[in-house]
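In: Next comes the sequence, and after it the predicted model I'd like to discuss.
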Amino acid sequence: MAACREAASRNFPDGEIVGQNVELGHLLREGRSFEVPSDNWQTVKVAIVGGGVAGLAAAWKLSKDTVNDFVLLELEKEIGGTSRSGTGTPVGYPWGAHYLPVPFRENAELISLLDEMSLTEGRNADGDVIIAEQFLCREPEERVFYKGRWYDGLYLNAGASEDDKRQFAEFQRQIDRWVGWRDSKGRRAFVVPVAGCSDDVEVTSLDKISFAEWLRQNGFTSERLIWYCDYACRDDYGLKLDQASAWVGLFYFCSRVRKSGDESQAFITFPEGNGRFVNHLLERVKENVKKSHAVVSVIPSDSGVDVVCKVGDELRGFHCNSVIYASPVFTAPYVIRGFADAAPFAPAEFQHNAWFVANLFLKDRPKPRFARDFPLAWDNVLYESPSLGYVNATHQKGIDYGPTILTYYYPMCHEPDGRTKLFNYSWRDLAEVCLTDIGRAHTDIYELCERVDIMRWGHAMISPRPNFIWSGVREKAMQPWRNIHFAHTDLSGIALFEEAFYHGSRASAEVLTAKTQRRRG
Ligand SMILES: Cc1cc2nc3c(=O)[nH]c(=O)nc-3n(C[C@H](O)[C@H](O)[C@H](O)COP(=O)(O)OP(=O)(O)OC[C@H]3O[C@@H](n4cnc5c(N)ncnc54)[C@H](O)[C@@H]3O)c2cc1C
């Protein structure tokens, strides 16, 4: 990542690094024991560790089932994890997740959340949910910048050769085949949530090779098709084509297509992205939520589980029956006493990758360079860039003039040890990266941009590299361990709102029925 020195001489906006508490990691690695004063203990039925979508979904489900004797403990000052958002003028903006494809009718629990949020307008004749128009991503949805011009869509049609077109059509045929594929139990090859996918070896063997290898084996060589697939892997998994498994590559293209030949499900989006869901869930359970509560120790015993939090300089404890562990799985050995020695799976298998997200506050829209350039869209992708481009926050509000906020996404998958590098860069280095990159398409960005705030996600999302999803480790991690029920999206091997929501709801259902209590341990 070479910062552009030329940028230093121009107007440079203000801004800062925001978010993420990095001190907790150091504290946990020291392996200290924490003594809570005897008068600083409380008793609750359930403690939820982590206030991302999984933890919030778990809390929502408990409260829906009229269980109110629980706490949700979140280490950050803000709730939402990688789906959190910011408030601003003229609209809010995401710090991570920014959309949810319309769920299939089978995903009844998630649809009940959409009903509760009044995003739906009933069901069609097939029973599929109808989402109110204003919540579906409006046109133009996406555009791609290539050799100085903007073009409609994500796949670069402009200038495609006959061979590019033939290969793209053949790729679509393969996708259609997988969309229509069913196993002997009638299960699809790829569907959201992952728990519903077929475990037939014809499909799971795709997890043993990279998506790049699958493309090679199937004779795909078209540069723009390969770029399109690489973009997909970077976009949803923070991995390059040769780092992601073929199973997840195909999952991206097939899991949200109802039947062969259909378009992918439409996107539900808001200016603040999935922060809208976070804020709704939070509103439902806010009495039970404790922010700035870093869980430093989870101690299972024969009578239940004790949870110790660090709140500023103070230590607080909760005696509980069960814990829903909705923090990333790799943290479990540092936090749960006895887990490092007795874990029935290897938590280190759950590897995360790093990203940074920048929000650029603009006083006005960039001017088009050509009168007939494709106009500003919701998602604006730069073909010749290691970033994913940017999303325009005012798009969904229909505000097409004046100030806006652009959310720029950069997965650190191009460099070895991207996480360490990310934390070695200063705010200025990262701001220069995003301004230089966007500046290729918008030469006026330095004049327009008043502020750049940056979030460094050290552990942004799980990495579904080959031999992870179907290695058996996820199934083991989904089993409760001594009244501790794991719930993070990691358990799907894929970081998605639907997966986090599924595991949060599932873990709560387990706690509610208590059917799995002390099954192991
Ligand atoms: C840049 C980016 C873009 C994304 N875009 C999309 C998108 O558009 N659509 C989509 O569906 N998904 C997207 N995702 C993925 C999505 O954000 C996640 O799948 C989902 O929000 C994960 O929720 P979670 O609760 O499982 O985990 P997390 O978001 O990781 O939440 C875990 C929470 O636990 C807290 N925590 C950790 N340790 C402790 C502790 N010791 N004590 C207390 N609390 C603790 C953390 O602070 C955090 O709040 C994106 C992710 C990233 C990083």
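Out: Yep, it's here. Note that the coordinates shown come from a computational prediction; the quantities given were computed from them, not determined experimentally. Numbering: from 1, shown residues only.
In: wait, does the strand or helix carrying Glu450 contact the ligand?
Out: If you go by DSSP states H and E, Glu450 is part of strand 449-462. Yes - on the criterion CB under 6 Å from any ligand atom, strand 449-462 is in touch with the ligand at 457, 460-461. No exception for glycine: its C-beta is placed from N, CA and C like everyone else's.
In: From the chain's centroid, how far away is the next helix or strand after that strand?
Out: Going down the chain from strand 449-462, the next helix or strand is helix 473-478, by DSSP H and E. Centre-to-centre, helix 473-478 and its host chain are 20 Å apart (CA atoms, centre = their mean, to the nearest Å).
In: Can you give me the buried ones in helix 473-478?
Out: 473-474, 476-478 (16 or more other CB atoms under 10 Å).
In: can you redo those as JSON lines with distance to the ligand and pLDDT?
Out: Below are the buried residues of helix 473-478 laid out as JSON lines (distance: CB to the nearest ligand atom, whole Å; pLDDT from 0 to 100):
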{"residue": "Val473", "distance to the ligand": "17", "pLDDT": "97"}
{"residue": "Arg474", "distance to the ligand": "13", "pLDDT": "97"}
{"residue": "Lys476", "distance to the ligand": "18", "pLDDT": "96"}
{"residue": "Ala477", "distance to the ligand": "13", "pLDDT": "97"}
{"residue": "Met478", "distance to the ligand": "13", "pLDDT": "96"}
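In: what is the orientation angle of the strand or helix carrying Tyr408 with strand 449-462?
Out: Here Tyr408, judged by DSSP H and E, is contained in strand 404-411. Strand 404-411 and strand 449-462 are oriented at 40 degrees to each other (axes from the mean of the first three to the mean of the last three CA atoms, to 10 degrees).
In: Quick one: distance of strand 404-411 to the chain centre.
Out: Centroid displacement of strand 404-411 relative to its chain, using CA atoms, centre = their mean, is 15 Å.
In: What helices and strands are in contact with it?
Out: Counting contacts by 3 or more CB pairs under 8 Å, 6 or more residues apart in numbering; DSSP states H and E, strand 404-411 packs against strand 93-94, strand 352-362, strand 389-392, helix 427-441.
In: which of the residues of strand 449-462 next to the ligand lies closest to Ser198?
Out: Met461 (23.9 Å; CB to CB).
In: Nearest residue to that closest one in space, please, no chain neighbours.
Out: What sits nearest to Met461 in space, not counting adjacent residues and going by CB to CB, 6 or more residues apart in numbering, is Ala495, at 3.5 Å.
In: picking that back up, and the strand holding Glu450, which strands flank it?
Out: Strand 449-462 has the following strand partners under DSSP bridges: strand 14-18 (parallel), strand 352-362 (antiparallel).
In: just how off-centre is the next helix or strand after the shortest one within its chain?
Out: Think strand 14-18. Scanning forward in sequence from strand 14-18 by DSSP H and E, the next helix or strand is helix 23-29. Helix 23-29 sits 23 Å away from the centroid of its parent chain (CA atoms, centre = their mean).
In: Get me the contact residues on the stretch 201-350 of the chain for the ligand.
Out: So the stretch 201-350 of the chain meets the ligand at 274, 294-295, 326-328, 331, 335 (CB under 6 Å from any ligand atom).
In: Swap in 5 Å and give it another go.
Out: For the stretch 201-350 of the chain, the residues in contact with the ligand (CB under 5 Å from any ligand atom) are 294-295, 327.
In: can you redo the residues you listed as CSV with secondary structure, distance to Ser264 and neighbour count?
Out: Listed next are these as CSV, based on DSSP: H, G, I helix; E, B strand; the rest coil; distance: CB to CB, whole Å; neighbours: other CB atoms under 10 Å:
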residue, secondary structure, distance to Ser264, neighbour count
Ala294, strand, 39, 20
Val295, strand, 38, 25
Ser327, coil, 31, 27
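In: mind checking the SS state of Leu62?
Out: Three-state call for Leu62 (DSSP: H, G, I helix; E, B strand; the rest coil): helix.
In: quick revisit: what would the residues of strand 449-462 next to the ligand look like in TSV with pLDDT and neighbour count?
Out: Output for the residues of strand 449-462 next to the ligand, formatted as TSV (pLDDT from 0 to 100; neighbours: other CB atoms under 10 Å):
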residue	pLDDT	neighbour count
Trp457	96	23
Ala460	96	24
Met461	97	24
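In: What is the neighbour count of Gln479?
Out: 14 (other CB atoms under 10 Å).
In: I'd like the distance between it and the ligand.
Out: 18 Å (CB to the nearest ligand atom, to the nearest Å).
In: tell me the pLDDT at that residue?
Out: On pLDDT, Gln479 comes in at 95.
In: That one against Pro344, yeah?
Out: Yes - contact criterion CB atoms under 8 Å: Gln479 and Pro344 qualify, at 7.0 Å.
In: Now do the contacts for Phe70.
Out: 44-48, 59, 62, 288 (CB atoms under 8 Å, 6 or more residues apart in numbering).
In: and these, which of them are in strands?
Out: If you go by DSSP state E, the contacts of Phe70 have 44-48 in strands.
In: and of those residues, the nearest to the ligand?
Out: Nearest to the ligand out of those is Ile48 (CB to the nearest ligand atom; 9.1 Å).
In: where does the stretch 1-150 of the chain dip in pLDDT?
Out: For the stretch 1-150 of the chain, applying pLDDT under 70 flags the ranges 1-10, 20.
In: Residue numbers of it in contact with the ligand?
Out: So the stretch 1-150 of the chain meets the ligand at 50-54, 74-76, 81-83, 96-99 (CB under 5 Å from any ligand atom).
In: if we can go back for a sec, dump the strands paired with strand 449-462 to TSV, plus mean neighbour count.
Out: What follows is these, written out as TSV (neighbours: other CB atoms under 10 Å):
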stretch	mean neighbour count
strand 14-18	15
strand 352-362	23
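In: Any chance of CSV for the ones you listed, columns distance to Cys309?
Out: Converted to CSV, the strands paired with strand 449-462 look like this (distance: least, CB to CB, whole Å):
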stretch, distance to Cys309
strand 14-18, 23
strand 352-362, 23
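In: All set, thanks.
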